[in-house]
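Asks: test case, fold it:
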Amino acid sequence: MSENRLTFEEIINTISFEDIERSFDAPVQSGLMTKEDQQNDIARIGRLIAKGHVGYNLWDETTRQEFENSIAEFYNGNLETINVKDFCVKLDKVLQKLPDEHLKISPSKGNLLPREPNHVAVGNNICRDKKWEISEINNANTAVIALPELGNTLPNEWLQFSKELDKKLFNPDGSEKYDSLIIDIRDNPGGASIPFELLAKKLYGNEVAPFEKSVYRDTKEADYIRMINGEISKDAYQQRIQNHPYSDELVSICDYSSHKEKYPAFAKGGYKRPIAILTNRNTASAGESLCQFLKHHPGATYIGENTAGCYAEISGESVRGKFGYGVKIGSTHAFFEREESFERKGFPVDIDTSGHDAFAYVKENLQQINHTANRKLSSSKSESKYIPFNQLANNDFAFIRAINQGMDITAVQNLYAQLYPDKADNFEIVKTYALEGSYTSNILEEVSMDKVKNRGVSLEVDPETGELIAVADENAIDHKFFNQKDDFILHSENNKKPVEKFDFDTGEAVYIDKNLQKIKELRQRLKNENIDYLAAKQGAISNGLEEIGLSKEDMGKTGDSQTGEISEKHETIAQSQIEDAKYTILQRIQSQGR
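Replies: Model (predicted):
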């Protein structure tokens, strides 16, 4: 290969958009990355970020130039054959040049490459072993809501959390049980923001806003990222790729402009009491959402230290290639009031307790904090009539992704109605955006169901356990999750379909039947290692035969084919096959619940 160094533009043009699309379905490889492999991936990631990241053109020229120079240096450097993990570490150092705290490497699904932890100066969350906890202090006059892992929850837990808030914070007539609240979101890394929104709406007494407005970028690469994330369907993506005149402009998605005036506090109940919210540098992403959701609550006081500043660039599923690792590239950018920027800076606090534990500080100064908050509350009563938010909302995209990942649309609609009973009609907006990739503000009309049949999965809340489960639709044509290569249905005797527990946030599904889950994980591991499943199974059987003194040449033989003689060896083979058949039948009966 020529020793000529390529510029950033030349590098990202060494790979075509069609090459990027083909990488989506490429079989996963393991092992080592050659120089050519590394250069192809550097070019692919560089192009997707430069032409697809929603915030790229919003960053200043110096920032972009530093990133592009780092990509060029990486590409043109002395690239020796290395393993995938070492490549990811090197690539991550380049990604850190950009002001997007969500822009990270995902070596495997559900995991992110660790970075240097933030230094915390105001203590850690008081709850260590639960996803959330509600307790009392101050002679039972103050409730403490600790939320260390609230974002790491399933839809059934959102409903459980919502009911627990109603029961513990409010009296039957809707009045407040406590004189004040403390909400500890220190160390909360994010995840699903829906449970934070449910909490905030109960306290604010109206619709809440996560930002001023959000936008996506109008390019082919950005649409590819949105399709991977499930923000637009495959059909909508293909239609846009073929017909849409891309402009590379920012297109508005969710608009919360003048939200405080349109949706003032306490129009529909709310918690008209002082609320102290504790944050630290590890409060990130959805964990930071309360800083926006309760921004206009007159009784809220933020205490501790600035948050992580991982909020403005919103990403979903990682974009992956043939080596299995992924990169979380922003598909949505959030704008804030007065063009404020919090990325890497963090949301500010009203009382900085650096050097002192924030919770200890609040307990020591609770009377003064509540006195100041009550003065604000006394002059901020709202008598405005409650008006439902009848536009596309940011958290609607959790349901849009569910539809585009194969969930039965009726089941998703039922869950939406349980979580948002006062705006259930808005699901028509959600449905249209999922199927068409866009919507207009007056689309509250019936959408044809023709495009959503045969999606293959039914999403249901188990009435006994409260768990959200996914059940395959036996009439479906395609029984696969969106962007999921392994089979959803491993066997279907008597039309019985295996039931899965479904993680609504990540899109991961786990079989309730542990044996099926082991088979699924084995197949995925073999696939990641580029090993043929049937060959591996034959190898395992061969090894088992060798343990009883036989070989793979003996498989299937229960007697001499010419003489009909049945030897002791043949009896051993027959007994082995009978035991294997018994085990297989037993497993099938158990999986069918018989």
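
Asks: residues touching Y302, list them.
Replies: 277, 279, 291, 347-351 (Cβ atoms under 8 Å, 6 or more residues apart in numbering). Using the backbone N, CA and C atoms, a C-beta is placed for each residue, glycine as well.

Asks: which one of the residues you listed has the most neighbours?
Replies: Looking at those with neighbours defined as other Cβ atoms under 10 Å, the largest count falls to T279 at 30 neighbours.

Asks: surely that residue and N306 touch.
Replies: Yes. T279 is in contact with N306 according to Cβ atoms under 8 Å; the separation is 7.4 Å.

Asks: residues that sit against both of these two, list them.
Replies: Applying Cβ under 8 Å, 6+ apart, one finds that T279 and N306 are jointly contacted by 347, 349.

Asks: what's the local residue count around the nearest residue to G304 once chain neighbours are set aside?
Replies: Here the nearest residue to G304 in space, its sequence neighbours aside, is A358; by Cβ to Cβ, 6 or more residues apart in numbering that works out to 3.8 Å. Look at A358: counted by other Cβ under 10 Å, it has 31 neighbours.

Asks: same check on K51?
Replies: The criterion is other Cβ under 10 Å. On that basis, K51 has 20 neighbouring residues.

Asks: what about it, is that helix, strand or coil?
Replies: Reducing the assignment to helix, strand or coil with DSSP: H, G, I helix; E, B strand; the rest coil, the entry for K51 is helix.

Asks: do I have it right that it meets E9?
Replies: No. Under the criterion of Cβ under 8 Å, K51 makes no contact with E9, lying 10.9 Å away.

Asks: dump the contacts of Y302 to a markdown table, plus secondary structure, pLDDT and distance to D173.
Replies: Conversion of the contacts of Y302 to a markdown table gives the following (DSSP: H, G, I helix; E, B strand; the rest coil; pLDDT from 0 to 100; distance: Cβ to Cβ, whole Å):
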| residue | secondary structure | pLDDT | distance to D173 |
| --- | --- | --- | --- |
| I277 | strand | 98 | 26 |
| T279 | strand | 98 | 32 |
| C291 | helix | 95 | 30 |
| F347 | coil | 96 | 34 |
| P348 | coil | 96 | 36 |
| V349 | coil | 97 | 34 |
| D350 | coil | 97 | 31 |
| I351 | strand | 98 | 33 |
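
Asks: for the stretch 351-500 of the chain, what spans make up the helices?
Replies: Ranges of helices in the stretch 351-500 of the chain, per DSSP state H, counting those that start in this stretch, are 358-378, 396-404, 409-419, 427-436.

Asks: where does the stretch 401-550 of the chain have low pLDDT?
Replies: Applying pLDDT under 70 to the stretch 401-550 of the chain flags the ranges 438-515, 517-518, 523-550.

Asks: picking that back up, for the residue nearest to G304, give me its contacts.
Replies: A358 makes contact with 122-123, 186, 278-280, 303-305, according to Cβ under 8 Å, 6+ apart.

Asks: one more: L199?
Replies: With contacts defined as Cβ under 8 Å, 6+ apart, L199 is in contact with 145, 161, 165, 183, 290.

Asks: measure the spatially closest residue to F359 that is not a sequence neighbour to N370 for me?
Replies: Nearest residue to F359 in three dimensions, chain neighbours excluded: I126, at 5.6 Å (Cβ to Cβ, 6+ apart). Distance from I126 to N370, counting by Cβ to Cβ, to the nearest Å: 19 Å.

Asks: neighbour count: the two, which is higher?
Replies: Under the criterion of other Cβ under 10 Å, the comparison of I126 against N370 puts N370 first, with 23 against 19.

Asks: let me see the contact set for the more buried one.
Replies: Contacts for N370 were tallied using Cβ under 8 Å, 6+ apart; they are 179-180, 274.

Asks: TSV for these, including neighbour count?
Replies: Listed next are those as TSV, based on neighbours: other Cβ atoms under 10 Å:
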residue	neighbour count
D179	16
S180	25
P274	26
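
Asks: can you give me the neighbour number for the spatially closest residue to N171 that is not a sequence neighbour?
Replies: In space, not counting the residues next to it along the chain, N171 is nearest to K177; the distance is 5.7 Å by Cβ to Cβ, 6+ apart. The number of residues packed around K177, counting by other Cβ under 10 Å, is 16.

Asks: do the one 5 residues further on as well
Replies: In terms of burial, I182 registers 27 neighbours under the definition other Cβ under 10 Å.

Asks: how about it, secondary structure?
Replies: Here I182 is recorded as strand under three-state DSSP.

Asks: can you give me the distance of it to P114?
Replies: Counting by Cβ to Cβ - I182 and P114 are separated by 30 Å.

Asks: show me the shaky parts of this structure.
Replies: Judged by pLDDT under 70, the stretches of the chain that qualify are 1-3, 109-110, 382-383, 438-515, 517-518, 523-594.

Asks: what's the domain layout of it?
Replies: Each structural domain of the chain that the record assigns through automatic domain parsing is listed here as a residue range: 1-110+213-255+312-341, 130-209+259-310+346-385, 396-521, 538-591.

Asks: could you identify which of the ones you listed is most buried?
Replies: domain 130-209+259-310+346-385 (a mean of 20; mean count of other Cβ atoms under 10 Å).

Asks: my guess is the residue nearest to F359 contacts A360, does it?
Replies: No. When contacts are counted by Cβ under 8 Å, I126 is not listed as touching A360 (9.9 Å).

Asks: hmm, back to that, among the contacts of A358, name the ones in strands.
Replies: The strands, defined by DSSP state E, take in 278-279, 303-304 from the contacts of A358.

Asks: which one of those is nearest to D425?
Replies: The closest of the ones in strands among the contacts of A358 to D425 turns out to be T279 (Cβ to Cβ; 35.2 Å).

Asks: bridging residues for that closest one?
Replies: According to DSSP bridges, G304 are recorded as the beta-bridge partners of T279.

Asks: measure it to D100 for me?
Replies: 20 Å.

Asks: what does G287 give?
Replies: G287 sits 17 Å away from D100, going by Cβ to Cβ.

Asks: before we move on, what about D248?
Replies: Using Cβ to Cβ, D248 is found at 18 Å from D100.

Asks: do the same with K262
Replies: Distance of K262 to D100, given as Cβ to Cβ: 30 Å.

Asks: ok, so of the ones in strands among the contacts of A358, who is nearest Q96?
Replies: For these, the closest approach to Q96 (Cβ to Cβ) belongs to T279, at 22.9 Å.

Asks: residue contacts, that closest one?
Replies: 185-186, 288, 291, 302-307, 347, 349, 358.

Asks: ok, 6 Å please
Replies: 185, 304, 307 (Cβ atoms under 6 Å, 6 or more residues apart in numbering).

Asks: can you add distance to S252 and give the residues you listed back as JSON lines?
Replies: What follows is the contacts of T279, written out as JSON lines (distance: Cβ to Cβ, whole Å):
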{"residue": "I185", "distance to S252": "29"}
{"residue": "G304", "distance to S252": "33"}
{"residue": "T307", "distance to S252": "26"}
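
Asks: picking up where we left off before, do I have it right that the residue nearest to F359 meets L147?
Replies: No. Because the distance of 10.4 Å does not satisfy Cβ atoms under 6 Å, I126 is recorded as not touching L147.

Asks: output stretch 213-221 as PDB, restricted to C-alpha atoms.
Replies: Taking C-alpha atoms only, stretch 213-221 is exported to PDB below (Å, rounded to 0.1, in the frame of the first residue of the first chain):
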ATOM      1  CA  LYS A 213     -36.600  21.100  21.800                       C
ATOM      2  CA  SER A 214     -34.900  18.200  20.000                       C
ATOM      3  CA  VAL A 215     -33.800  17.700  16.500                       C
ATOM      4  CA  TYR A 216     -32.400  15.000  14.200                       C
ATOM      5  CA  ARG A 217     -30.000  15.500  11.300                       C
ATOM      6  CA  ASP A 218     -31.200  15.100   7.700                       C
ATOM      7  CA  THR A 219     -28.600  12.900   6.100                       C
ATOM      8  CA  LYS A 220     -28.400   9.300   4.900                       C
ATOM      9  CA  GLU A 221     -25.900   8.400   7.600                       C
END
